[in-house]
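Engineer: what follows is a predicted structure for the sequence shown.
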Amino acid sequence: GTSIAQGTLMQGSLAYFGGNPNYVWRHWGCVSPRVLRNMKSSLRQWTDQGGSNALTAEDQERVRKAWVAERVAEEDIPLSGRRD
């Protein structure tokens, strides 16, 4: 994977490695429809995701739209994540 710059919109998932909890981070544009569906099945609304209140208004709108559409916007997908 590629580095995620500080201040960049990203998504984290709790995972266990060797029985120890850790977070796996994704670039926002690399969040798959499956990840969004899984989030929707475990959260009532996107704002229940930790850290949502710390997002900029622009990033909140990006997440809200992806939540409804169950996919991130094409313009958010980096070249490295495109399957053209």
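Structural biologist: Sure, I can see it.
Engineer: low-confidence ranges, this structure, go.
Structural biologist: 1, 81, 84 (pLDDT under 70).
Engineer: mind listing the strands for it?
Structural biologist: 10-17, 20-27 (DSSP state E).
Engineer: the lengthiest helix in the chain vs strand 10-17, what angle?
Structural biologist: Secondary structure of the chain per DSSP state H: the longest helix is helix 57-69. Angle between the axes of helix 57-69 and strand 10-17 is 70 degrees (criterion: axes from the mean of the first three to the mean of the last three Cα atoms, to 10 degrees).
Engineer: and helix 57-69, what does it pack onto?
Structural biologist: Counting contacts by 3 or more Cβ pairs under 8 Å, 6 or more residues apart in numbering; DSSP states H and E, helix 57-69 is packed against helix 33-42. Backbone N, C-alpha and C define where each C-beta goes, glycine included.
Engineer: for the helix it packs on, packing partners?
Structural biologist: With 3+ Cβ pairs under 8 Å, 6+ apart as the test, helix 33-42 has helix 57-69 packed against it.
Engineer: CA atoms of the helix it packs on as CSV?
Structural biologist: The C-alpha coordinates for helix 57-69 follow below in CSV (Å, rounded to 0.1, in the frame of the first residue of the first chain):
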residue,chain,number,x,y,z
ALA,A,57,-17.7,19.9,6.5
GLU,A,58,-16.4,18.8,3.1
ASP,A,59,-15.2,15.4,4.3
GLN,A,60,-18.5,14.9,6.2
GLU,A,61,-20.3,15.4,3.0
ARG,A,62,-18.1,13.0,1.1
VAL,A,63,-18.8,10.3,3.8
ARG,A,64,-22.5,11.0,3.9
LYS,A,65,-22.8,10.7,0.1
ALA,A,66,-20.8,7.4,0.1
TRP,A,67,-23.0,6.1,2.9
VAL,A,68,-26.1,6.7,0.9
ALA,A,69,-24.6,5.4,-2.4
